[in-house]
Every structure is written in C-alpha cells, then in structure tokens.
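Student: make a model of this:
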Amino acid sequence: MDFNINQLLNSLSYTLDFVEKDLIKNVTNHGRRVAYIAARIGKKIEMGDTDLFDLISYSLLHDNGVTKSLIQSKESKNYIRVELNVLHCVEGERNIAYFPFFHSIPNVILYHHEHYDGSGFFGVTGKDIPEFSRIIALADFIAIAFSEGKSAEDILSSIRNSNHFDLEYCQVFYELSRNVEFWLNMDDNFVFDALNSLMPSVQREFSYKDMRMVSRIFSNIIDAKSPFTGSHSRGISRKTGILCKYYDFDEEVSWKMRIAADLHDLGKLMIPNEILDKPGKLSRQEITIIQSHPFYTRKTLEGIAGFEEIAEWASNHHEKLNGNGYPFGLDADKLDFNSRLLCCVDIYQALTENRPYRKALSHESAIALMRSMVSNKLIDASIVEDIHSVFHALPENL
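Tutor: From the prediction side, this is the model:
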C-alpha cells in the first residue's frame, strides 16, 4: 500500500525527543531543530525534493544511537558529553542501514561530528566528509547552542571563529540568520510546523514487510534504552513471528504483528531511565509514569495512516481481560485475539529474561505463573497453552 513516509518519520522521530529530555532538561526538540536548520540550508541551495527529503530524514535520525551511548558512557545527564561520544555515531549508522531513503548514502550518521579541518572523531577532512554530514554538523552545533540559550550574535561569532565547518554552508547560514523569522521558527512552539512546511510530501509504495525494516530501527533504539531490556522487543518480535506461523496468519497480518511487537514499547522512550532501571520498589507516582508508556505508544503510532491495527495491538499489551489492565482499562469484550496474543508474548518474554529485581525464570516457571494469571481472568488461557506447546522445546536464548 501507499505509505506517507513523512507521517512515519515524524511520528517515530518524535519519540527521540524524549530521549533527549532524559539527558538534560533544557534540551528539547533537538532532532527537529537540527532538521529544520538543515532543511533551510538545503532549500537555500536549491536542493531537489528527494535530496531534501533524505537530508531531513538523516537529520531527524542523526542522534538515534544516543540510547546505547547513554548506557555505555554513563553520562546520563550531560547531553554535550553524550554528543561527544563516538559510540552514538557508530551505533546510529548501524541502526539506519535499512531506512527507506531515496538515495542511501554511506557514513552520513557515522561522520556527522567530523570537522572540516580533520579534528573530528575519525580525522576525515573537507569534501571527503559526505555533504549531508557537513550540513548536519553545522545544524547540530547551531541547535545545541540555541538550546543553551546563546544569542544569535554569539552563535554567529563562534562559527566565524571555527575551522570545523564547511565555509560554503556557513555562508548560507549567515544569509538565513539575518532574518528574525529564522530564529523564531526554532522555538519549541514553532519548530514542528516550520519543519513540516519544509518537508516534501513523499508517498511511496511499501508492503508491511518493507515497513518492518523501519520498525526494526526503532526496536533497536527501544531495546538500547535500558541495559535490562537489551533484546526485549526483538525477542517478542521473533516469538510473535513463530506464533503467527503456528496460527497460520496471512502474510500481511503476520508482518503487522511483527511491527506491533517491534514497537510495543515505543512509549518507554518517554520514560526516564531512573524509573525504568530502578532496582527497588517503585512509588505510586513512579508506577503511574511506567503505566503511561502504552498510551504514548498509541499516540505515536495512530498518526500513521495504515498503522491503525498496529497501534491497537501494540498499545494494548498491558490490558487485562478483567478490565484491570492499563492504560485504558479495556476488558475481554474489547480485546481482540491479536491484542491478547501480544500481551501474552510480552509477559512470557519478560518472565524469561533477567530484570534488575530478579533472575530470568525457566519456561516451566513462566508458564506456571501465566496459568495463575489465567485463573485470575487476566490473560487468555488458550494462548498460554499454545505458548507452552510451541516454546517448550525452543532454545532458551531465542
């Protein structure tokens, strides 16, 4: 079917803004701000629509590797230090390998912190740095300085006194910066609409199998957010795929279910790590915050045309048959089979993996606990028995 890639990119990249908020409180809309600045430069140099779309896409995704960088750098409250960690460039480049750009360009994300004078992470110089990387590097610097509250004059002065940026694009920026609207559109209140007005409308024919390439990118980002859930979404997606074959689902539904599995915890990108990774008992307020994540998953996905069922299944994974689940309190009458299935697979996966508060359970122990949940009218009995039948002989690390 036809997918509006703008909707997809805008919706999914929105979640990356919340990763930034978990780093430092005064950095918001960083990805969108970088994309806006880059798009203004691209427009000014009369870049074609497909190239402009790709530039905006790379800009929105330029920091997609930050979640993994956070865990390994241990600089969880210093955005600038995370930006200066080469790992987020390496991981980000790996993540976007399958994004449906019009023209995929190697190393744009990998080199987005390279300096024109060769003093960046990898020592690449001048025009050997991809054009998009050179534009993003400049836009990234401007966006960070803007978020820090620096004046237009200070930002301009810093760039003029630096050898880090391509002079061609600096000159374009100097021209753009003369107009007050350029700066006003970077405000949190306006940057979303400003970027949307610049983004070419792109409608492309993709199957749900194709779209799963994109959902896997965000699955990797979600799983990288916490060291305790390093393969949670991927495990659920693999197990969901196995059960889709067991139930003989048609191909389109199977791929939709795999996408829903990839993205079911998308809303966790909006939950602070200090709550997600807390080893002790959560407070009532912290529990409420945790319980908000399926709501954010739904709100993120329901804006994508063609993802209506995916949004439903993904956001219902903590609902219970007796109506005591969250965040919507849906009961058995309102939970379709696929929602019930994803819920059960999520529970099974969670029980059989290590968490900060307990060791992974064996298959038999997990099934025993799930059967007790069936007795309490929480989850579907037939699905639990099918999971037992299908998974009992599978490798534990599946």
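Student: could you chop this protein up by domain?
Tutor: 2-202, 207-391 (automatic domain parsing).
Student: lowest average pLDDT across these?
Tutor: Among the domains of the chain, domain 2-202 has the lowest mean pLDDT, at a mean of 89.
Student: now do the end-to-end distance for that domain.
Tutor: 10 Å (CA to CA, to the nearest Å).
Student: so what's the gap between it and the chain middle?
Tutor: Relative to the chain's own centre, domain 2-202 is displaced by 16 Å; criterion: CA atoms, centre = their mean, to the nearest Å.
Student: can you check stretch 329-349 too?
Tutor: On CA atoms, centre = their mean, the centre of stretch 329-349 falls 23 Å from the chain's centre.
Student: with just CA atoms, put that stretch into CSV.
Tutor: Extracted in CSV, the C-alpha atoms of stretch 329-349 (Å, rounded to 0.1, in the frame of the first residue of the first chain):
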residue,chain,number,x,y,z
GLY,A,329,-8.8,-0.4,31.3
LEU,A,330,-10.1,-2.5,28.3
ASP,A,331,-11.9,-5.8,29.1
ALA,A,332,-12.3,-9.1,27.3
ASP,A,333,-15.1,-7.7,25.0
LYS,A,334,-12.8,-5.0,23.7
LEU,A,335,-9.6,-7.0,23.3
ASP,A,336,-9.2,-8.9,20.0
PHE,A,337,-7.2,-12.0,19.6
ASN,A,338,-4.1,-10.3,18.3
SER,A,339,-4.0,-7.9,21.3
ARG,A,340,-4.4,-10.8,23.6
LEU,A,341,-1.6,-12.7,21.8
LEU,A,342,0.9,-9.8,22.0
CYS,A,343,0.1,-9.3,25.7
CYS,A,344,0.9,-13.0,26.4
VAL,A,345,4.1,-13.0,24.4
ASP,A,346,5.2,-9.8,26.2
ILE,A,347,4.6,-11.4,29.6
TYR,A,348,6.4,-14.6,28.6
GLN,A,349,9.4,-12.7,27.2
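Student: neighbours of S11, how many?
Tutor: 18 (other CB atoms under 10 Å). (Each C-beta comes from the backbone N, C-alpha and C, glycine too.)
Student: so it makes contact with I304?
Tutor: Yes - the criterion here is CB atoms under 8 Å, and S11 meets it with I304 at 5.3 Å.
Student: which helix or strand contains Q285?
Tutor: helix 284-290 (DSSP states H and E).
Student: which one is R160 nearest to, not counting chain neighbours?
Tutor: Once flanking residues are discounted, R160 sits nearest to C170: 7.7 Å by CB to CB, 6 or more residues apart in numbering.
Student: for the one you found, grab phi and psi.
Tutor: phi -60, psi -40 (degrees, to the nearest 10).
Student: contacts only, for it.
Tutor: Shown in contact with C170 (CB atoms under 8 Å, 6 or more residues apart in numbering): L138, I159, R160.
Student: separation between the last one and D140?
Tutor: To tie it back to what came earlier, the one meant is R160. 17 Å (CB to CB, to the nearest Å).
Student: ok, back up a step: the residue nearest to R160 and E205: what is the separation?
Tutor: 39 Å.
Student: same check on Y14?
Tutor: Taken as CB to CB, the span from Y14 to E205 is 24 Å.
Student: okay, these two: which has more neighbours?
Tutor: Shown here are Y14 and E205; by other CB under 10 Å, Y14 has more neighbours (21 against 8).
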